[in-house]
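Colleague: predicted model, plus sequence, below.
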Protein chains: 2
Amino acid sequence: MLNFEFYSPTRLVFGKGTADQIGGQLAPLAKKVLVHYGSDRVVKDGLLKRITDSLTASGISYVTLGGVIPNPDVELVREGIALAQKEHVELVLCVGGGSVIDSGKGIALGLKNPGLDIWDVYAKQLETTGAYPVACVLTFPAAGSEASNSTVLSNYKTQQKCGYNREWNRPVLSVIDPSLFESLPKFQIAAGVADMMSHIFERYFSNTEHTELSDALSEATLRTLITFGEKVVKNPADYDAWCQVALSGTIAHNNMLGVGREQDWACHKLDHELTARFGVTHGAGLAVLTPAWMRYVWRVNPKRFYDFAVRIMGQEDQPKAVAATIESGISALETFYSRLGLPSRLVKLGVDPAQIADMARVVTHASDGSDRPVGGMKKIFEADAKVIYEKAI
Amino acid sequence: MLNFEFYSPTRLVFGKGTADQIGGQLAPLAKKVLVHYGSDRVVKDGLLKRITDSLTASGISYVTLGGVIPNPDVELVREGIALAQKEHVELVLCVGGGSVIDSGKGIALGLKNPGLDIWDVYAKQLETTGAYPVACVLTFPAAGSEASNSTVLSNYKTQQKCGYNREWNRPVLSVIDPSLFESLPKFQIAAGVADMMSHIFERYFSNTEHTELSDALSEATLRTLITFGEKVVKNPADYDAWCQVALSGTIAHNNMLGVGREQDWACHKLDHELTARFGVTHGAGLAVLTPAWMRYVWRVNPKRFYDFAVRIMGQEDQPKAVAATIESGISALETFYSRLGLPSRLVKLGVDPAQIADMARVVTHASDGSDRPVGGMKKIFEADAKVIYEKAI
């Protein structure tokens, strides 16, 4: 195991009806908040009113800023920073899923570092000194942003997508009320489950040895997601199943499962290019790329992929048939994604095959043109990325 | 699953050599600290000097207070409060195991609540408003106090042992350097492993339904402790095995595994009486009491004990032989404790059989004489406690 630091100070408030407790939870933290959200769905379904009623009842004033889109745009972040500065907001309350939370984290970074251009912070990885506090009422569990140190923004003008990881990005409070998830569309749920699983895969697939505890915890969480992820896709009104899925999504990305090990993240980086160019739903892209990546890289660490096949995908333990067992494990994962209703080819997600070569070049090079391979377990260079995209197209 | 809040803000700094980084870690938090420790072992083996050298190098001044005993005495806590007040200490740095950390948490509570008698805080569960920050360099992983919200003190004058759980008891920082554990005595290691396992059992054995994720995480951690706990007892120099055990001990008691469920804690309460009267090593007492408790209570929830036998203790899945499978699971647990070198009877730990009736009465009654049964899964009244002690004696 590698030495590590783990710091996850987000207070989780979990369960039915907890969304209506947000005012009481925030009262010790702020007198005025920016309520940040995405589509008008939260307005129409009454959630925003429940939230603002709870704030008002606890003596917290607020301004609102909606309009966050999937793969959130830095332009709205700029607007949020200006509004929050003008209104003397003390905390950013995100009512939404990963995109809203990532956008809110961007606003919180901008508020604390007013001398820096917020896109430069992401694109040039500028040093920041902290962030305003962020709280969340999660409306869609998938990204894990509600307890993670990461935020990803897109710049639609430059067609770039950049992440920024700092410990002060972790929300101070996240309310996870699984009863809010019961009306989500099935495709979105399925993509969310694939995203959660990918957050664990990116940590699980590692060459670091002596990580047996976090391996076992990762395997347990993945098996839980496979069982209960399918249940919530089949029946989004299954509250008890949602509890398992939602909590899995949070621990999948607060890094408890990734401590003390080299991590991979090649699939996430390959997928970022798809969302930036074609607006592919993040989890759906991952569900296509991950099996293709697995088939391309498993030979660098057959033991790890064999464990994946046997312990996570439930394949028969046949130590004399390692390659066959790994292939059947990868196939079982593809079958699982199909059962969730996710496409198995990138073209079905709107990806243009003609752009594969250019995507492979961009994803594996720095802006100065030098090689910048992705992936921890196996370094993926331009030629590798091209093969993986081609296998997945 | 029940609604819950989870808040675990302790920064974990984990790995070989991290003890020597304590000064740099604490520099942003305090200019003067109380270094609190137990026996002279940490003086003789040079650890205390490494710690104080690191503090000095980072410009942190300190006073020291050693002498914490197992089942720490409130009298030393009073002494620590007075010393820290006089010296204007800003943070309590515990260099030790659970006893030292529990004692340090008591000092930190006393410093923040100077108007309250510290024993009254524990014995009468007085409200407190917070605590001074506590940091730890762990020298023995077992109690989980390095990331828990709990502290237990003893009052040797009144023969009482009381716990006090508040979220501000959680240390701000815990350094876990498994290389420090390589010289621990085998009996102490074995008792520590049993203590960690008990922290999970107390949460796992529950009647709450729809807790599949935390069940699976608990089972994974217990299996890891069974495998690697035996390794570190057999070979305390096995650093890689220690990494699994030490991290298991932390998550066993930071409550990640206990969220959203009724918990039990009968065995811990039965054991407190043994340590208060006979100075029994906490984990060793638990290793005797737990199987006795299991045999007495399993019929209230056979499914849960069947899962324990099959998933944790590795017994054959025989749904038509539930009682036999449960018994073989409990026997396998006893055999495991024996392999660790732990006694299987309370008399071997110095418990006087003549006191069973009185212990059973005291542990199940409030100070005003009214019934106060222990245990969440099955309420243990005086007559039940007597049977369990008798089975274990």
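Modeller: Good, I have the coordinates. Just so we're clear, the structure is a prediction, and the values are computed from it rather than from any experiment.
Colleague: report the buried residues of stretch A:1-10.
Modeller: Of the residues in stretch A:1-10, those buried by neighbour count under the rule 16 or more other Cβ atoms under 10 Å in any protein chain shown are A:M1, A:L2, A:F4, A:E5, A:F6, A:Y7, A:S8, A:P9, A:T10. (Each C-beta comes from the backbone N, C-alpha and C, glycine too.)
Colleague: show me the contacts for the closest residue to the last one other than its chain neighbours.
Modeller: Closest residue to A:T10 in three dimensions, ignoring its sequence neighbours and counting by Cβ to Cβ, 6 or more residues apart in numbering or on different chains: A:A147, at 4.3 Å. Listed by Cβ atoms under 8 Å, 6 or more residues apart in numbering or on different chains, the contact set of A:A147 reads A:S8, A:T10, A:L12, A:R170, A:P171, A:S174, A:T250, A:H253, A:N254.
Colleague: in strands, which of these appear?
Modeller: A:S8, A:T10, A:L12, A:S174 (DSSP state E).
Colleague: so what's the last one up against?
Modeller: Contacts for A:S174 (Cβ under 8 Å, 6+ apart) come out as A:T10, A:R11, A:L12, A:V13, A:A135, A:C136, A:L138, A:E146, A:A147, A:T250.
Colleague: by neighbour count, which of the residues you listed wins?
Modeller: With neighbours taken as other Cβ atoms under 10 Å in any protein chain shown, the top of the contacts of A:S174 is A:L138, carrying 31 neighbours.
Colleague: can you give me the strands for chain A?
Modeller: Secondary structure of chain A by DSSP E: the strands cover A:4-14, A:32-37, A:61-65, A:91-96, A:134-138, A:150-155, A:160-165, A:173-176.
Colleague: mind checking those strands for the one nearest to A:A360?
Modeller: The minimum distance between A:A360 and the strands of chain A falls on strand A:160-165, with 15.9 Å, by Cβ to Cβ.
Colleague: contacting residues around A:G23?
Modeller: A:D53, A:S54, A:L55, A:T56, A:A57, A:S58, A:I60.
Colleague: again, but for A:K31
Modeller: Counted by Cβ under 8 Å, 6+ apart, A:K31 has contacts A:G59, A:I60, A:S61, A:E90.
Colleague: quick check: the third one touching A:L34?
Modeller: No - assessed by Cβ atoms under 8 Å, A:S61 is found out of contact with A:L34, at 10.7 Å.
Colleague: tell me what the closest residue to A:Y122 other than its chain neighbours is bridged to.
Modeller: In space, and not counting its chain neighbours, A:Y122 is closest to A:C162: 4.1 Å by Cβ to Cβ, 6+ apart. Beta bridges link A:C162 to A:L153, judged by DSSP bridges.
Colleague: and A:C162, how many neighbours?
Modeller: 19.
Colleague: now stretch A:296-312 - C-alpha only, PDB.
Modeller: Provided in PDB are the C-alpha atoms of stretch A:296-312 (Å, rounded to 0.1, in the frame of the first residue of the first chain):
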ATOM      1  CA  TYR A 296      -7.100  -3.800 -24.500                       C
ATOM      2  CA  VAL A 297      -5.200  -3.600 -21.200                       C
ATOM      3  CA  TRP A 298      -5.900  -6.700 -19.200                       C
ATOM      4  CA  ARG A 299      -2.700  -8.400 -20.000                       C
ATOM      5  CA  VAL A 300      -0.700  -5.900 -18.000                       C
ATOM      6  CA  ASN A 301      -2.200  -7.300 -14.800                       C
ATOM      7  CA  PRO A 302      -4.200 -10.500 -15.400                       C
ATOM      8  CA  LYS A 303      -4.500 -11.300 -11.700                       C
ATOM      9  CA  ARG A 304      -6.400  -8.100 -11.100                       C
ATOM     10  CA  PHE A 305      -8.800  -8.700 -14.100                       C
ATOM     11  CA  TYR A 306      -9.200 -12.300 -13.000                       C
ATOM     12  CA  ASP A 307     -10.300 -11.000  -9.600                       C
ATOM     13  CA  PHE A 308     -12.700  -8.600 -11.300                       C
ATOM     14  CA  ALA A 309     -14.200 -11.500 -13.300                       C
ATOM     15  CA  VAL A 310     -14.600 -13.900 -10.300                       C
ATOM     16  CA  ARG A 311     -15.300 -11.700  -7.400                       C
ATOM     17  CA  ILE A 312     -17.300  -8.900  -9.000                       C
END
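Colleague: what's the closest non-adjacent residue to A:K391?
Modeller: Per Cβ to Cβ, 6+ apart, closest to A:K391 is A:A292, 4.0 Å.
Colleague: report how many residues lie close to that neighbour.
Modeller: Neighbours of A:A292 (other Cβ under 10 Å): 23.
Colleague: right, and it touches A:D384 too?
Modeller: No - in this structure, A:A292 is not within contact of A:D384 by Cβ under 8 Å, at 11.1 Å.
Colleague: which neighbours do the two share?
Modeller: Here A:A292 and A:D384 have no joint contacts, going by Cβ under 8 Å, 6+ apart.
Colleague: and A:E90, what is it in contact with?
Modeller: By Cβ under 8 Å, 6+ apart, the contact list for A:E90 reads A:L29, A:A30, A:K31, A:K32, A:V33, A:Y132, A:P133.
Colleague: measure it to A:S58 for me?
Modeller: Distance check for A:E90 against A:S58: by Cβ to Cβ, to the nearest Å, it reads 14 Å.
Colleague: and what of A:T129?
Modeller: For A:T129, the distance to A:S58 - Cβ to Cβ - is 30 Å.
Colleague: one more: A:Y122?
Modeller: Distance from A:Y122 to A:S58, by Cβ to Cβ: 33 Å.
Colleague: what about those two, which has more around it?
Modeller: Each of A:Y122 and A:S58 has its neighbours counted (other Cβ under 10 Å); A:Y122 has more, 23 against 15.
Colleague: quick check, the more buried one in contact with A:Y164.
Modeller: Yes - if you go by Cβ under 8 Å, A:Y122 and A:Y164 touch, sitting 4.8 Å apart.
Colleague: what is in contact with those two at once?
Modeller: Common neighbours of A:Y122 and A:Y164 (Cβ under 8 Å, 6+ apart) are A:G106, A:T151, A:L153.
Colleague: my guess is the first one contacts A:N155. True?
Modeller: No - counting by Cβ under 8 Å, A:G106 stays clear of A:N155, with 11.2 Å between them.
Colleague: identify the contacts common to these two.
Modeller: Common contacts of A:G106 and A:N155 (Cβ under 8 Å, 6+ apart): A:V74.
Colleague: between these two, who's got more neighbours?
Modeller: A:G106 (31 against 16).
Colleague: now that one: closest residue in space, sequence neighbours ignored.
Modeller: Closest to A:G106 by Cβ to Cβ, 6+ apart is A:V77, at 3.9 Å.
Colleague: let me see the contact set for that neighbour.
Modeller: Neighbour list for A:V77: A:S103, A:G106, A:I107, A:G110, A:I118, A:L153 [criterion: Cβ under 8 Å, 6+ apart].
Colleague: neighbours around the fourth one, how many?
Modeller: Yep, that's A:G110 we're talking about. With other Cβ under 10 Å as criterion, A:G110 counts 26.
Colleague: any idea how far chain B is from the closest residue to it other than its chain neighbours?
Modeller: Nearest non-adjacent residue to A:G110, counting by Cβ to Cβ, 6+ apart: A:I81, 3.8 Å away. Per Cβ to the nearest Cβ, to the nearest Å, A:I81 is found 27 Å from chain B.
Colleague: for burial, what's the neighbour tally of the residue nearest to A:N235 when sequence neighbours are not counted?
Modeller: Excluding the flanking residues, the one nearest A:N235 by Cβ to Cβ, 6+ apart is A:A241, at 7.5 Å. Counted by other Cβ under 10 Å, the residues lying close to A:A241 total 23.
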